[in-house]
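Trainee: Predicted structure and sequence below. I'll ask about it afterward.
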Amino acid sequence: MERFKMIASGFLMLIKNGNILLLRRANTGYKDGFYSLPAGHVEDNESVMRSTARESFEEIGIRVDQKDLLFVHAIHIQENDIRMFFFFRANKWKGEPFNKEPEKCDDLRWCPINALPPNTIDYIRHAIKRYQKQIYYSEFGWSL
């Protein structure tokens with residue numbers, strides 16, 4: 001019997017002056033038109049922190065050193081499948097964020113962290129609220 005394998009993803013929170021950087025998904029086939037955070041799947045032989053740093057450069061053109069990533073939340077999520085999402089905050093980075101993947105993102109903006117757009121992905125909103133309450137782990141989408 002094959003052992004169950006779970007997909008892991010890393011998400012980046014950039015927060016500045018009470019605003020959080022969000023990007024709106026487009027042309028991906030998943031949650032298009034909804035705001036999310038810079039993120040991506042962990043690849044083979046890659047740590048979740050390395051993945052988060054790599055995806056930050058690929059999606060928004062900034063350089064984040066892994067030592068500057070602070071773990072802030074994890075979600076064990078059940079949606080179409082079962083995944084682990086790890087959220088990190090970076091207090092410093094190199095470069096100014098810009099939309100480096102216009103074929104997958106049609107908006108990149110700083111939004112008030114206490115007034116997220118109504119079309120923010122539900123588990124992203126959940127993670128941001130948990131971060132604000134300093135809750136480091138949650139489960140999302142599991143039926144009781």
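Mentor: Alright, I've got the coordinates. Numbering: from 1, shown residues only.

Trainee: hey, which helix is longest across the chain?
Mentor: When the chain is parsed with DSSP state H, its longest helix is helix 48-60.

Trainee: Averaged pLDDT, that helix. What do you get?
Mentor: On average, the pLDDT along helix 48-60 is 96.

Trainee: Off-centre distance for it?
Mentor: 10 Å (C-alpha atoms, centre = their mean, to the nearest Å).

Trainee: going on from that helix, what's the next piece of helix or strand?
Mentor: strand 69-78 (DSSP states H and E).

Trainee: Next, the angle from that following strand to helix 48-60.
Mentor: 90 degrees (axes from the mean of the first three to the mean of the last three C-alpha atoms, to 10 degrees).

Trainee: Pairing partners for strand 69-78, with directions?
Mentor: strand 82-90 (antiparallel), strand 137-140 (parallel) (DSSP bridges).

Trainee: okay, those strands in a markdown table with mean pLDDT and mean neighbour count next?
Mentor: No exception for glycine: its C-beta is placed from N, CA and C like everyone else's. Output for the strands paired with strand 69-78, formatted as a markdown table (pLDDT from 0 to 100; neighbours: other C-beta atoms under 10 Å):
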| stretch | mean pLDDT | mean neighbour count |
| --- | --- | --- |
| strand 82-90 | 97 | 20 |
| strand 137-140 | 95 | 13 |
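
Trainee: wait, which of these is closest to Met49?
Mentor: Each of the strands paired with strand 69-78 has some distance to Met49 by C-beta to C-beta; the shortest is strand 82-90, at 6.9 Å.

Trainee: what about Tyr123, is that helix, strand or coil?
Mentor: helix (DSSP: H, G, I helix; E, B strand; the rest coil).

Trainee: again, but for the one 3 residues further on
Mentor: On the three-state scheme (three-state DSSP), His126 is labelled helix.

Trainee: tally of neighbours for it?
Mentor: Residues near His126, counting by other C-beta atoms under 10 Å, number 18.

Trainee: Can I get the strands paired with strand 69-78 in JSON lines including distance to Arg130?
Mentor: Listed next are the strands paired with strand 69-78 as JSON lines, based on distance: least, C-beta to C-beta, whole Å:
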{"stretch": "strand 82-90", "distance to Arg130": "9"}
{"stretch": "strand 137-140", "distance to Arg130": "5"}
